[in-house]
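Undergrad: take a look and give me a structure for this.
(one chain, ligands or ions: 1)
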Amino acid sequence: LSGAALQSILAIGLDALARNYRTLAARAAPAACGAVVKADAYGLGVGPVAHALYRAGCRAFFVATLAEAQAFRREADLPLAVELVALNGIAAADAPAALAANVVPALNALDDVLAWNAAAGRLGRRVRCALHIDTGMNRLGLDADAVAKLGDDAALTAGLEIALVISHLACAEETANPLNREQRQRFETLRRRLPRARASLANSSGIFLGPDFHYDLVRPGVALYGVNPLTNDLNPMEEVINIKGKIVQVRNVDRGGSVGYGATHLVARPARIATVAAGYADGYPRSLSNRGHGYLGGTRVPLVGRVSMDLTTFDVTDADPALAHPGNTIDLIGNGAAIDDVAAQAGTIAYELLTRLGRRYARVYTGQAG
Ligand SMILES: *Cc1c(COP(=O)(O)O)cnc(C)c1O
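TA: So this is what the prediction gives:
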């Protein structure tokens, strides 16, 4: 075996992604449906992902930073008019670069508003921006005092064209959490003090809280990529990614033999151990050591021993021997190993699994051409 034969595969289904977009857009209608593509589209590649979403009808995109906005413009090859918002904000000193990329900064504090208003004055033009209100997450956004100041003095925003007023939910996936209603109520109250603008509150899970939470534009991220936005219900989204770990070696281990670093797994019976070319450097969590599993030809195969940097070992004794050979693959995520289950087993969330996917996979985009 050599070259690609030793490489694990990350398959990204662009048709499934597009169907997920349409599912969310239909739920949110008549509100518009944007897409959050920060962190390189949750690790899946902002170019092909944004392009597929655009073809599915998406016309508003969200990234975190100016650098991500510039990568979006470079890689997605979409009309410059397509709306693009940088959620973390952009330093007012970078206003010329922001305008060149036609990216709308989220303004998250009174100082940001003042600085951008001043920048607009220097540039001699009105500058589009989004105002982000913190309604109870206490992480990022204008507080009630800042909103009151802006509401009382129109000069503070005279140079700005407010494209959007947004807030973010802390517990949207917990439908019964009273904080959802409280945040919505605060959003109602605070946004009315600001200049009239389109409003946006819901992330993926927020869409499922009902029409009261949709406002003018919803901002799903993770559900587009196949992650379950509902905590206690079947996943309404379609699986988008499938990681196929390439088997690079299969060996027999005698009873009592150990597997991997630290010799943490001792085989209790003569076993067949398959070694796969993916490890924690590929974003396959080390916390899955001795507790994860994969699927080989549909048979659940336990992960044994520690996940190491580049390799992971599975006990394939019970799998079809015709399939347990080098060059074949074990499904690590997707195709049986639901991403939410893998994340839970690893003690994390699917968001983290996605955004830590490594660069060594052979990335294969399936479905509509990028
Ligand atoms: C990341 C993010 C989203 C998308 O959240 P998901 O839970 O992935 O749908 C929406 N809005 C803001 C402000 C975000 O930071």
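
Undergrad: break down this structure into its helices, ranges please.
TA: Along the chain, the stretches classed as helices by DSSP state H are 14-28, 38-42, 46-55, 66-76, 95-100, 110-123, 144-152, 178-191, 204-207, 339-346, 350-355.

Undergrad: number of residues surrounding the residue in the stretch 201-350 of the chain that the ligand sits nearest to?
TA: Among all residues of the stretch 201-350 of the chain, Gly221 sits closest to the ligand, at 2.7 Å; criterion: Cβ to the nearest ligand atom. (Glycine included, C-beta is placed from N, CA and C.) Counted with other Cβ atoms under 10 Å, residues neighbouring Gly221 total 21.

Undergrad: my guess is it meets Ser205, correct?
TA: No - here Gly221 lies out of contact with Ser205, judged by Cβ atoms under 8 Å, at a distance of 10.2 Å.

Undergrad: so what's the closest residue to Leu234 other than its chain neighbours up against?
TA: Excluding its sequence neighbours, the residue lying closest to Leu234 (Cβ to Cβ, 6 or more residues apart in numbering) is Asn228, at 8.0 Å. By Cβ atoms under 8 Å, 6 or more residues apart in numbering, Asn228 lies in contact with Leu234, Asn235, Pro236, Met237, Asp340, Ala350.

Undergrad: again, only using 7 Å
TA: By Cβ atoms under 7 Å, 6 or more residues apart in numbering, the contact set of Asn228 is Asn235, Met237, Asp340.

Undergrad: and these, which is closest to Ala69?
TA: Taking Cβ to Cβ as the measure, Ala69 lies nearest Met237 of the contacts of Asn228, at 26.0 Å.

Undergrad: wait, the closest one touches Arg19, no?
TA: No - using Cβ atoms under 7 Å, Met237 is not in contact with Arg19; the gap is 8.8 Å.

Undergrad: these two: which is more packed in?
TA: Taking neighbours as other Cβ under 10 Å, Met237 and Arg19 compare with Met237 leading, 23 against 17.

Undergrad: per-residue pLDDT of that one, please?
TA: Predicted confidence (pLDDT) at Met237: the value is 98.

Undergrad: swap in Ala281?
TA: Reading off the model, Ala281 has pLDDT 98.

Undergrad: circling back to that earlier point, excluding chain neighbours, what is closest to the residue of the stretch 201-350 of the chain closest to the ligand?
TA: In space, and not counting its chain neighbours, Gly221 is closest to Val36: 3.3 Å by Cβ to Cβ, 6+ apart.

Undergrad: for that neighbour, name its beta-bridge partners.
TA: Going by DSSP bridges, Val36 is paired in beta bridges with Phe62.
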